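>>> no sequence on this one, just coordinates:
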């Protein structure tokens with residue numbers, strides 16, 4: 001018997017760009033990106049809520065392609081939100097359009113919308129012809145500061161979040177800050193939870209900056225908002241590109257701090273609870289657990305809690321109280337589902353200090369229940 005091992009290294013250039021008015025004819029960024037890749041044909045997907053908020057955008061895109069002598073193969077306006085990921089209907093619609101318009105691997109799919117829309121359209125592009133170039137234009141704080149600069153896509157299945165999907169490096173990500181101006185203020189604030197998360201696990205100085213600017217961020221003042229989004233996006237992208245495990249082949253997922261409970265809460269709410277709100281609650285749960293586990297000092301936890309309060313981010317949700325027929329908290333099954341999604345040994349990141357995380361391989365159910373009880377009490381005090 002013989003065996004031969006051949007290492008395969010496939011270099012990708014993860015292009016992350018920041019601009020305003022990406023489709024203004026005076027802005028060369030998109031044209032330069034398309035020409036750089038050697039293709040000139042593109043199919044555009046636009047989330048309906050974005051099209052409604054920016055009624056001139058469709059015409060601007062058409063004019064942009066015309067003046068750049070690029071071939072626009074259509075602008076498809078589709079519904080977004082978590083419903084876009086509920087089944088594979090949107091993915092199949094993408095396949096149908098790619099086949100009909102003869103979009104090939106040297107063509108582009110441009111996707112303009114929020115995180116769930118990017119996930120579904122991205123999965124369609126990644127699986128057509130085994131991968132059509134995708135250019136993302138995230139339009140929300142959550143997608144600009146986190147998911148839009150990632151290398152994942154997918155849809156929900158079996159009642160579980162992102163059960164079907166793939167890893168695929170987008171050809172480029174264009175964060176156009178102008179889109180953030182029309183987002184609902186509450187949803188926009190909640191999207192900044194991913195910036196808080198990455199600061200807590202990667203950059204204590206960034207967390208201190210968020211702490212200092214929490215009031216400005218709560219008001220969504222443009223200078224603070226854009227700096228926060230940019231710093232968060234670059235921390236996420238840097239970890240993915242330089243952290244040594246872009247496709248998560250190992251067991252550690254530091255960028256998923258607070259997510260084991262968040263994903264389960266979304267599922268328990270039948271996906272009526274937004275991802276951002278769920279992450280905020282899940283993060284606060286794991287901050288409290290880190291204290292009870294003797295890893296994080298109470299004063300640091302208090303600092304984190306104050307930031308969440310100033311920025312009006314949720315710190316409790318009733319799904320944490322749901323129990324099964326045996327009286328066990330349903331959210332606890334999220335730990336095994338979290339492990340299963342990645343594979344290998346359960347690995348959950350907790351905090352030692354702002355900017356310093358630590359992997360643990362088990363969590364105590366009694367301590368989790370104590371945390372939830374205290375979080376519920378805190379919520380009652382605030383609302384009472």
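Now that the structure is in, tell me what you want to look at. As the structure is a prediction and not an experimental result, all values here were calculated from the model.
>>> Break down the stretch 201-350 of the chain into its helices, ranges please.
Assigned by DSSP state H, counting those that start in this stretch, the stretch 201-350 of the chain shows helices spanning 204-212, 214-218, 222-242, 259-268, 275-292, 298-310, 333-342.
>>> so which of those helices gets nearest residue 101?
Smallest distance to residue 101 across the helices of the stretch 201-350 of the chain (CB to CB): 30.1 Å, for helix 222-242. Using the backbone N, CA and C atoms, a C-beta is placed for each residue, glycine as well.
>>> got the helices of the stretch 201-350 of the chain as CSV, with mean neighbour count columns?
Shown next, in CSV, are these (neighbours: other CB atoms under 10 Å):
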stretch, mean neighbour count
helix 204-212, 17
helix 214-218, 18
helix 222-242, 19
helix 259-268, 26
helix 275-292, 25
helix 298-310, 16
helix 333-342, 16
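>>> I'd like to know which of the ones you listed is closest to residue 358.
Taking the helices of the stretch 201-350 of the chain one by one with CB to CB, helix 275-292 is closest: 8.4 Å.
>>> That closest one to helix 259-268, inter-axis angle?
140 degrees (axes from the mean of the first three to the mean of the last three CA atoms, to 10 degrees).
>>> what helices or strands is helix 275-292 leaning on?
helix 185-191, helix 193-202, helix 259-268, helix 298-310, strand 348-353, helix 365-383 (3 or more CB pairs under 8 Å, 6 or more residues apart in numbering; DSSP states H and E).
>>> Now do the buried residues in the last one.
Residues of helix 365-383 classed as buried under the neighbour-count rule (16 or more other CB atoms under 10 Å) are 368, 371, 372, 375, 378, 379.
>>> Between which two of those residues is the distance greatest?
Longest span within these, CB to CB: 368 and 379, 16.4 Å.
>>> Near the nearest residue to residue 133 once chain neighbours are set aside, how many other residues are there?
Closest residue to residue 133 apart from its sequence neighbours, by CB to CB, 6 or more residues apart in numbering: residue 171 at 4.0 Å. Neighbourhood size, residue 171 [other CB atoms under 10 Å]: 24.
>>> same thing with residue 143?
28.
>>> Any idea how far apart the tips of stretch 303-322 sit?
One end of stretch 303-322 to the other measures 29 Å (CA to CA, to the nearest Å).
>>> whoops, stretch 38-51 was the one
End-to-end distance for stretch 38-51, by CA to CA: 28 Å.
>>> List the buried residues for that stretch?
39, 41, 42, 43, 44, 45, 46, 47, 49, 50, 51.
>>> Now tabulate the residues you listed in JSON lines and tack on secondary structure, distance to residue 126 and pLDDT.
Formatted as JSON lines, the buried residues of stretch 38-51 follow (DSSP: H, G, I helix; E, B strand; the rest coil; distance: CB to CB, whole Å; pLDDT from 0 to 100):
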{"residue": "39", "secondary structure": "coil", "distance to residue 126": "16", "pLDDT": "86"}
{"residue": "41", "secondary structure": "strand", "distance to residue 126": "18", "pLDDT": "94"}
{"residue": "42", "secondary structure": "strand", "distance to residue 126": "16", "pLDDT": "97"}
{"residue": "43", "secondary structure": "strand", "distance to residue 126": "14", "pLDDT": "98"}
{"residue": "44", "secondary structure": "strand", "distance to residue 126": "17", "pLDDT": "99"}
{"residue": "45", "secondary structure": "strand", "distance to residue 126": "13", "pLDDT": "99"}
{"residue": "46", "secondary structure": "strand", "distance to residue 126": "19", "pLDDT": "99"}
{"residue": "47", "secondary structure": "strand", "distance to residue 126": "18", "pLDDT": "98"}
{"residue": "49", "secondary structure": "helix", "distance to residue 126": "23", "pLDDT": "97"}
{"residue": "50", "secondary structure": "helix", "distance to residue 126": "21", "pLDDT": "98"}
{"residue": "51", "secondary structure": "helix", "distance to residue 126": "23", "pLDDT": "98"}
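>>> Which of those sits closest to residue 136?
residue 45 (10.3 Å).
>>> The closest one and residue 111 touch, don't they?
Yes - the criterion here is CB atoms under 8 Å, and residue 45 meets it with residue 111 at 4.8 Å.
>>> any residues in contact with both of those two?
117, 121 (CB atoms under 8 Å, 6 or more residues apart in numbering).
>>> re the thing from before, could I get the helices and strands packed on helix 275-292 as a markdown table with distance to residue 177 and mean pLDDT?
What follows is the helices and strands packed on helix 275-292, written out as a markdown table (distance: least, CB to CB, whole Å; pLDDT from 0 to 100):
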| stretch | distance to residue 177 | mean pLDDT |
| --- | --- | --- |
| helix 185-191 | 12 | 97 |
| helix 193-202 | 14 | 97 |
| helix 259-268 | 26 | 95 |
| helix 298-310 | 22 | 98 |
| strand 348-353 | 30 | 96 |
| helix 365-383 | 32 | 88 |
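>>> I'd like those laid out as TSV, including distance to residue 228.
What follows is those, written out as TSV (distance: least, CB to CB, whole Å):
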stretch	distance to residue 228
helix 185-191	10
helix 193-202	5
helix 259-268	20
helix 298-310	12
strand 348-353	20
helix 365-383	24
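>>> Can you check which of the ones you listed gets nearest to residue 340?
Ranking the helices and strands packed on helix 275-292 by proximity to residue 340 (CB to CB) places helix 259-268 first, at 11.1 Å.
>>> for that closest one, packing partners?
If you count contacts as 3+ CB pairs under 8 Å, 6+ apart, helix 259-268 packs onto strand 160-167, helix 275-292, helix 333-342.
>>> picking up where we left off before, and of the buried residues of stretch 38-51, the nearest to residue 117?
Nearest to residue 117 out of the buried residues of stretch 38-51 is residue 47 (CB to CB; 4.5 Å).
>>> hey, what's the closest residue to that closest one other than its chain neighbours bridged with?
Among residues not flanking residue 47 along the chain, residue 113 sits closest, at 2.9 Å (CB to CB, 6+ apart). Counting by DSSP bridges, residue 113 is bridged to residue 138.
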